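Asker: This is a predicted model, with the sequence first.
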Amino acid sequence: MEPISSREETLYDCVQSLLSAEPRAKEYYLALNEREQGEVILHADSICSYERLQNFVSGLRA
C-alpha cells in the first residue's frame, strides 16, 4: 500500500489535471473554502469532470 503522502500527491495531481483541462473547474475550485478544497483533493479519484466537481461540492454543502 502506498504511503499516505504519496497517495495525497497523486490525488492532488488528479485535481490539478482537471483544473488544467477545464477552466470552469479551476474557477469553481478556487472559489471554494479551504475545507471544501481539502475534501475535493481527498476524493479526487472520484472527481474527474467539472460536473462531478459541482455535484460533489453540492453534496458537501447539503
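Answerer: The structure has been received and is ready for your questions.

Asker: Can you name the residues that contact the most centrally placed residue in the chain?
Answerer: The chain has V40 as the residue nearest its centroid, 3.4 Å off, counting by C-alpha atoms, centre = their mean. Contacts for V40 (C-beta atoms under 8 Å, 6 or more residues apart in numbering) come out as V15, Y29, L32, I47, L53, F56, V57. For the C-beta atoms, the positions are set from N, CA and C on the backbone; glycine is no exception.

Asker: Now do the same for it: helix, strand or coil?
Answerer: helix (DSSP: H, G, I helix; E, B strand; the rest coil).

Asker: quick one: it and Y28, what's the gap?
Answerer: Distance of V40 to Y28, computed by C-beta to C-beta, to the nearest Å: 10 Å.

Asker: Quick check: neighbours shared by the two?
Answerer: In contact with both V40 and Y28: L53, V57, using C-beta under 8 Å, 6+ apart.

Asker: For G38, give its distance to A44.
Answerer: 11 Å.

Asker: With neighbour numbers in mind, choose between those two.
Answerer: A44 (21 against 11; other C-beta atoms under 10 Å).

Asker: Give me the distance from stretch 21-28 to the chain's centre.
Answerer: Offset of stretch 21-28 from its chain centre (C-alpha atoms, centre = their mean, to the nearest Å): 11 Å.

Asker: Sorry, wrong one. I was asking about stretch 15-30.
Answerer: On C-alpha atoms, centre = their mean, the centre of stretch 15-30 falls 9 Å from the chain's centre.

Asker: Would you mind listing the buried residues in it?
Answerer: Neighbour-count burial for stretch 15-30 flags V15, L18, L19, E22, A25, K26, Y28, Y29 (criterion: 16 or more other C-beta atoms under 10 Å).
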